[in-house]
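Q: mind folding the following:
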Amino acid sequence: MRRTLIILAIAVLVLGLGAGAYFFFAGTARVTVAPAGSVSFPVAGQGVSGTITGTSTPNAPASSPVVVSARLVKISAGPVVPGEAVVDLKAANASSTPDVAVDYIEQESGNVFMYLENAKTLTRINNKTVPGIQSAFWLPDASAAFVQYLSGTDSSTINTYSLAATSSAGFFLPQDLSGVAVSATRALSVASGATGSSISLGHTDGSHFAEIFTTPLAQIRASFAGKNQYLVFSKPSATLPGDAFLVNANGHFSRIAGPLSGLVALASPSGKWVLVSSTKNNSAMQMMLVNTATGAALPLPVATIADKCVWAADDSAVYCAIPANPDPSYLYPDDWYQGAVHFSDRIWKIDVAGRYAQLVLDFSQANAGALDAEALATDPSGTTLVFVNKNDGSLWSYSL
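A: Presented below is the predicted three-dimensional model:
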């Protein structure tokens, strides 16, 4: 009896931690609208907090990757932090060949590792200690990642830190930012509260952060959508209709989708397209492509949560992890974010110009078992797809 009670207690603790991470990083089922008036929040770059320990020890060996099939590799058993950088490397000399580097962070320690796709080698490149990281937003060149983690006696404080990949350099942004997005030279931060949200823009070195627009909508997600344009949408819930907006440099909001339950949006690199997922009757997933120039919406023959997708660098295609047989008794995307349900996925490629979906990878046929893919990433040349298995936090790569 005592053993049973201990097991139940551990199970409750694990579920509680998962739910806590969901409410801080994925969103809540509550969207509030503030009264008319100004919204004031701390500006990113103003203030330093937290403690980071450890020193850089490059080129330390790591455990060997596992080649599952000719094109599928299990890079790390994990758990790793969701969010990776996949970078094309030039040939070191005339006798060598180009390679693809995958940089990622080990969740338990916060150490940074680099995997070379062709050489099949794995190396620890930084042992700076940042334990318990929940998410990472990498610069395109993999030089640094903005990481977020919880701290405080009740794990209620969100810290955002710029973690350099190969050095001891780094800096904090203000605490309790609800979101971060990065491009090659700029970083976007989101501060949300009961009275609305403020979005600030600055350089990736932490300088020149300034508020660029506000909204009375609380609990939002924001990202880049091409040059001088941003995508903003309500944090998703199956029980609450959400909207997606494009915001220009002057802070003008234009609705491109919604209201739709469980809405999640993902802008293409150029901002010409936005992938929008939603749910019907709380659980039936559906997905469409929205042309941001015309507003035309193209329903897609496959469906998943847009957070399980990644755009090709040239806007030509979207790669998505599509659940094979999602259980209709669950609420999507809420239950998936909270870890209450896991999917058995297949990877599909959605061709934008051809208007078709093509099966790329069936994990069961590749002897990989049932994988629930998240944090998908590709290299600029479109030769490698990388993702995290949400079931156990392992990291995988697939040669396209």
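Q: only C-alpha atoms for contact and neighbour calcs from this point on.
A: Fine.
Q: which residues in the stretch 101-250 of the chain form strands?
A: 112-116, 121-126, 133-138, 144-151, 157-164, 170-173, 179-182, 186-193, 196-203, 210-215, 220-224, 229-234, 241-248 (DSSP state E, counting those that start in this stretch).
Q: got CSV for the ones you listed, with distance to Gln338 too?
A: Formatted as CSV, the strands of the stretch 101-250 of the chain follow (distance: least, Cα to Cα, whole Å):
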stretch, distance to Gln338
strand 112-116, 26
strand 121-126, 30
strand 133-138, 13
strand 144-151, 16
strand 157-164, 18
strand 170-173, 26
strand 179-182, 18
strand 186-193, 20
strand 196-203, 23
strand 210-215, 27
strand 220-224, 17
strand 229-234, 17
strand 241-248, 19
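Q: any idea which of those strands is most buried?
A: strand 220-224 (a mean of 26; mean count of other Cα atoms under 10 Å).
Q: follow-up on the earlier one: among the strands of the stretch 101-250 of the chain, which comes closest to Thr383?
A: Proximity to Thr383 (Cα to Cα) singles out strand 112-116 among the strands of the stretch 101-250 of the chain, at 12.9 Å.
Q: extract the CA atoms of the closest one and return them as CSV.
A: Written as CSV, here are the backbone C-alpha positions of strand 112-116 (Å, rounded to 0.1, in the frame of the first residue of the first chain):
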residue,chain,number,x,y,z
VAL,A,112,25.8,23.0,-25.4
PHE,A,113,26.6,20.2,-27.9
MET,A,114,27.3,20.1,-31.6
TYR,A,115,26.6,17.2,-33.9
LEU,A,116,28.0,17.0,-37.4
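Q: check which residues of stretch 293-302 are buried.
A: For stretch 293-302, the neighbour count (16 or more other Cα atoms under 10 Å) marks Ala297, Leu300, Val302 as buried.
Q: and it, what's its mean pLDDT?
A: Per-residue pLDDT over stretch 293-302 has a mean of 95.
Q: hmm, back to that, closest to Leu359 out of the buried residues of stretch 293-302?
A: Among the buried residues of stretch 293-302, Val302 lies closest to Leu359 (Cα to Cα), at 10.4 Å.
Q: quick one, phi psi at the closest one?
A: Per-residue torsions, Val302: phi -120, psi 160 (degrees, to the nearest 10).
Q: any idea how far it is from Gly179?
A: Computed as Cα to Cα, to the nearest Å, the Val302 to Gly179 distance reads 28 Å.
Q: over to Ala191?
A: Distance from Ala191 to Gly179, by Cα to Cα: 7 Å.
Q: and what of Val388?
A: Taken as Cα to Cα, the span from Val388 to Gly179 is 20 Å.
Q: how about the helices of this structure, start to end?
A: All helices of the chain, identified by DSSP state H, fall at 2-21, 334-337.
Q: looking at the ones you listed, which has the lowest confidence?
A: Lowest mean pLDDT within those: helix 2-21, a mean of 42.
Q: give me the pLDDT for the residue nearest to Lys90 when sequence neighbours are not counted.
A: Leaving out its chain neighbours, the residue that sits closest to Lys90 by Cα to Cα, 6 or more residues apart in numbering is Pro98, at 4.8 Å. The model reports Pro98 with a pLDDT of 91.
Q: give me the number of residues near Pro98?
A: Around Pro98 there are 14 other residues, counting by other Cα atoms under 10 Å.
Q: and the gap between it and Ala119?
A: 10 Å.
Q: same thing with Ile350?
A: For Ile350, the distance to Ala119 (Cα to Cα) stands at 29 Å.
Q: who's more crowded, the two?
A: Higher neighbour count among Ile350 and Ala119: Ile350, with 23 against 12, using other Cα under 10 Å.
Q: wait, isn't that one in contact with Ile322?
A: No. Using Cα atoms under 8 Å, Ile350 is not in contact with Ile322, being 11.1 Å away.
Q: just for this protein, where's the confidence low?
A: The chain contains residues with pLDDT under 70 at 1-63, 92-95.
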